[in-house]
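return atomic coordinates for the entry below.
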Amino acid sequence: MSDNSCRRIGGLTRRVVVVGVAVIAPFIFGPSSLLMKWLLPHGRALHNSDHPKFSPVDPTIKNLSIGNDKLTKIYERVGNDGEVLLDGPETILFDDDGTMYAFVKGGQLIRLDNFEPGSNTVLATVIATLPMLALGAKFVPNTKVIYFAVPILGLCRIDVGQRYPKVELIASKVKLDDGTWSQITYADDVDIGPKTGFVYFSDASDISPARSSAADNSPSSWDVIYASVLDALRAKRTGRLLRYDPTTEEVQVLASGIWFANGIAVMDPEETSILISETYMQRPLRYHITGPMAGSLEVIADGLVGMLDGADCNHRTKLCYVPIVSPTTTLVKVLYSKFMPRLVEKWLRTLLMIVPSSLAPKPQKYGGFLELSPFSSSTSSKSRITRVFQDPTGENISLITGVTEYGGKLYLGSLHHQYIGVYDLGLDSSGEVD
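Predicted structure coming up:
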C-alpha cells in the first residue's frame, strides 16, 4: 500500500474518531447522560448570587468551656448489658409532668428518668423504635402526644400515654396550589402552635438522606449529614416551612426557597411568627403568620460565625435560641471569596458533589449557641443577638445540633455525643439575666 493511501486511511480514521467522540460524548458526559445522572443524581451546582455573610469566631468568649459551673452534662446509667441508649440525642423534649424524652441516633424514642443529682445520670427506657432517627419533636400541650419529623418518612405522631404506643405516619406529601402532590423528602423539625394547635414543621431539602452503607440496614445507617452537604454545594434552595391542621388533616406550604430549612420554633404565645434556622445562609429567619407582613420572611440576624441547626423559643420571655453546629469552614470561605470567579466556584461545587461521603467536607470542632430577641425594635440585626455562648475549640462541648429551653435551662442535643448538655441561662421571671 502506498504512503498516500496510508495517509488517506489515517486521516479518515482520525475524522471517524473525532466525529464518534463528538456524537458519543454528550451521551456520556452531557448533563442528561447516564454517567452524569449516576455521578450527580441531584443535578449540578447552580449559580449562587446570594452568598452567606461571615464573621470570625471571637476566641475570648469561652462561657461553654471547661470550668464553667453553669454547664453540666447528663449521662446514662448503663445497665449490666453495657448497651448505651443515650447515643446521639438530637432532640430533647419534656411532657407536662417534666419527664424528659429523647430521640437518639439508633432510631429509638427513649424516656429518661430516675435522675441522680450526684452523678448527673439517668436511666433510659425504650418507648418506640423507628426506621431512622427523628430530628425534631414536640409534645402537644396537656397531652402525651408527640409530633415528630423523620427525614425519610415525613411528619409522624405517637401517644406515649398509651400502654402500647404506636407510630403513625401523618403526612408524607403536600398538595401544591396547582393540584399536584409534592413529596416531603427531608422532614426536619417540629413545633406546635399554642393558640391554634397547628403543627408546624420543616422540609429541609429535596435531597433525601441515603444509607451510608448498602450492607447496613440499621436505623443508624442513614446519613443525614451528607444529604445536607450536597444541598449546601448544590445551592438550589428547596427548603420549606409546612403546616399541618389536625382538624382537617391538610398540609400547607407556608414558605419556600429556604437554603436548608432546619430548626423551627413558634416565637410567641399568640402564634404570630415562626423562627426558622436557615443553615447555609447562616442566619435565623422570621416567618410572619399575622400582621402587615403576614406570609413573608424576614432576616432576624446575619453575618454570624457559622451554620445554624435547631431552634427553640421561650414564650414567656420571648427570647429564642439557635445552636451553631460549626463555624464557617475554610472551604466555604474560599468558595465565596470575592476573589473567586463565580464560574469557577460553580464548577468546584459541582466537582465536590461527586466526592464520596467519606471524603466530604466535615464540620469544625466547635460548640456554641445564640440567644436572640427577635421582637426587638432595633433595625440592626446584630443588636437582636442578646448573648453568645461558645466553646471556641470544642474541647468541652461541640457539634451542638439541637436546643430545648425548659425551666430556665437550655438542653443541648447532638448527633455526635453520648450525653445531654445542660446550660443554666440564669434568667429571672422578666427574662433578665440574674
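
how about low-confidence regions in the protein?
Within the chain, the segments meeting pLDDT under 70 span 1-33, 80, 214-215, 379, 428-434.

if we go to 50?
The chain contains residues with pLDDT under 50 at 5-14, 16-25, 27-29.

so which residue is smack in the middle of it?
Centroid-nearest residue in the chain: residue 262, 3.8 Å away (criterion: Cα atoms, centre = their mean).

correct me, but residue 207 touches residue 185?
Yes - at 6.9 Å, residue 207 counts as touching residue 185 under the criterion of Cβ atoms under 8 Å. Placement of C-beta: from N, CA and C, glycine included.

look at the residue nearest to the centre of the chain and give its secondary structure.
strand (DSSP: H, G, I helix; E, B strand; the rest coil).

test my guess that it contacts residue 275.
No - using Cβ under 8 Å, residue 262 makes no contact with residue 275, being 10.8 Å away.

buried ones in stretch 397-413?
397-405, 409-413 (16 or more other Cβ atoms under 10 Å).

pretty sure residue 228 sits in a helix.
Yes - using three-state DSSP, the assignment for residue 228 is a helix.

I figured it was touching residue 208, is that so?
No - Residue 228 lies out of contact with residue 208 (Cβ under 8 Å); the separation is 11.0 Å.

residue 399: what's it in contact with?
325-326, 363, 365-367, 414-417 (Cβ atoms under 8 Å, 6 or more residues apart in numbering).

6 Å instead?
With contacts defined as Cβ atoms under 6 Å, 6 or more residues apart in numbering, residue 399 is in contact with 325, 414, 416.

how near is it to residue 369?
Separation of residue 399 from residue 369 (Cβ to Cβ, to the nearest Å) stands at 12 Å.

before we move on, back to that, do I have it right that the residue nearest to the centre of the chain meets residue 278?
No - when contacts are counted by Cβ atoms under 6 Å, residue 262 is not listed as touching residue 278 (7.3 Å).

so what sits against both of those two?
Contact with both residue 262 and residue 278 is made by no residue, according to Cβ under 6 Å, 6+ apart.

ok so, going back, go through the buried residues of stretch 397-413 and name the one nearest residue 42.
Within these, proximity to residue 42 (Cβ to Cβ) peaks at residue 401, which comes in at 22.6 Å.

now the phi/psi pair for residue 358, please.
Backbone torsions of residue 358, given as degrees, to the nearest 10, read phi -70, psi -20.

what helix or strand is residue 348 located in?
Per DSSP states H and E: residue 348 is located in helix 342-354.

packing partners for the helix or strand following that helix?
Following helix 342-354 in sequence order, the next helix or strand is strand 367-372 (DSSP H and E). In terms of contacts (3 or more Cβ pairs under 6 Å, 6 or more residues apart in numbering; DSSP states H and E), strand 367-372 is packed against strand 319-327, strand 385-391.

alpha carbons of the longest one, in PDB - could you do that?
In PDB, the C-alpha atoms belonging to strand 319-327 read as follows (Å, rounded to 0.1, in the frame of the first residue of the first chain):
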ATOM      1  CA  LEU A 319     -36.200  35.000  73.700                       C
ATOM      2  CA  CYS A 320     -35.200  32.400  71.200                       C
ATOM      3  CA  TYR A 321     -32.100  30.100  71.000                       C
ATOM      4  CA  VAL A 322     -30.300  28.600  68.000                       C
ATOM      5  CA  PRO A 323     -27.300  26.300  68.000                       C
ATOM      6  CA  ILE A 324     -24.200  26.900  65.800                       C
ATOM      7  CA  VAL A 325     -23.200  23.400  64.800                       C
ATOM      8  CA  SER A 326     -19.900  24.600  63.200                       C
ATOM      9  CA  PRO A 327     -18.100  27.800  62.400                       C
END
